[in-house]
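J.: sequence first, then the predicted structure, then my questions.
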Amino acid sequence: MGLIKTINRNGEILTPRIADGVFLTENATVVGDVTIGEGTSVWFNAVLRGDVNTITIGKHCNIQDGAVLHTLYQKSTITLGDHVSVGHNVTIHGADVDDYALIGMGATLLDGTHVGKGAIVAAGALVLKGTQIGPYEVWGGVPAKFIKKADPAQTEEINMRIANNYAMYASWYKE
């Protein structure tokens with residue numbers, strides 16, 4: 001895995017902070033001001049670039065293959081809550097995602113987006129800058145639009161199952 005320190009414009013060294021029990025594949029790249037909570041997994045070819053601003057990832061998240069997380073210098077950060085699933089080839093640029101949310105494969109979240117607790121962003125969705133997705137809402141399309149409200153208990157169960165599955169998959173790689 002690539003844990004890379006960077007130096008910001010003030011000369012401060014930015015070093016990734018990785019909690020106990022985090023699984024990083026050998027070719028995942030984590031750069032700069034990135035904090036990853038316990039039990040999270042970061043999969044093949046995922047890139048978390050905290051070189052220009054802060055990325056904070058909660059506990060028991062999964063950042064799947066090919067995902068890219070990046071921010072804007074002095075303008076946007078990324079915060080993921082706990083038990084968040086970020087699908088294959090997702091791009092998150094300066095957005096916040098609350099607990100138990102699911103970001104489907106190939107979706108893009110642009111700066112200033114907020115995804116509420118238990119919300120689902122469908123595969124391939126393009127969530128435009130500044131979009132506010134409420135708790136337990138389902139959004140999809142290009143550009144993404146509100147589709148429906150989801151049942152909170154059902155959404156949390158589905159999203160928790162996915163998060164737990166990724167913890168199980170990570171256990172298969174430990175020696």
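T.: Thanks, I have the structure now.
J.: just the mean pLDDT for stretch 77-91, thanks.
T.: Averaging pLDDT along stretch 77-91 yields 97.
J.: end to end, how far does that stretch reach?
T.: Stretch 77-91 has an end-to-end distance of 14 Å (C-alpha to C-alpha, to the nearest Å).
J.: flag the shaky bits of this protein, pLDDT-wise.
T.: 1-2, 4, 8-9, 175 (pLDDT under 70).
J.: ranges for the helices of it?
T.: For the chain, the helices defined by DSSP state H occupy 152-171.
J.: the nearest residue to residue 109 once chain neighbours are set aside: neighbouring residues, count only.
T.: In space, and not counting its chain neighbours, residue 109 is closest to residue 95: 4.0 Å by C-beta to C-beta, 6 or more residues apart in numbering. No exception for glycine: its C-beta is placed from N, CA and C like everyone else's. The burial count assigned to residue 95 is 28, neighbours taken as other C-beta atoms under 10 Å.
J.: the one 10 residues further on too?
T.: Residues near residue 105, counting by other C-beta under 10 Å, number 17.
J.: any idea how far residue 174 is from it?
T.: Separation of residue 105 from residue 174 (C-beta to C-beta, to the nearest Å): 25 Å.
J.: isn't residue 99 right up against residue 79?
T.: No. When contacts are counted by C-beta atoms under 8 Å, residue 99 is not listed as touching residue 79 (10.9 Å).
J.: which residues touch residue 106?
T.: 87, 88, 89, 90, 123, 124 (C-beta atoms under 8 Å, 6 or more residues apart in numbering).
J.: show me what the strand ranked longest in the chain is packed against.
T.: For the chain, the strand with the greatest residue count under DSSP state E is strand 47-57. Here strand 47-57 is seen to pack against strand 29-36, strand 68-70, strand 78-80 when contacts are counted using 3 or more C-beta pairs under 8 Å, 6 or more residues apart in numbering; DSSP states H and E.
J.: so for residue 168, which of these sits nearest?
T.: Smallest distance to residue 168 across these (C-beta to C-beta): 18.5 Å, for strand 29-36.
J.: residues contacting that closest one, please?
T.: Contacts of strand 29-36 (C-beta under 8 Å, 6+ apart): 1-6, 8, 14-19, 22, 24, 42, 46-57.
J.: spatially central residue in the protein, please.
T.: The centroid of the chain falls nearest to residue 86 when counting by C-alpha atoms, centre = their mean (5.0 Å).
J.: how near is residue 23 to residue 60?
T.: Counting by C-beta to C-beta - residue 23 and residue 60 are separated by 11 Å.
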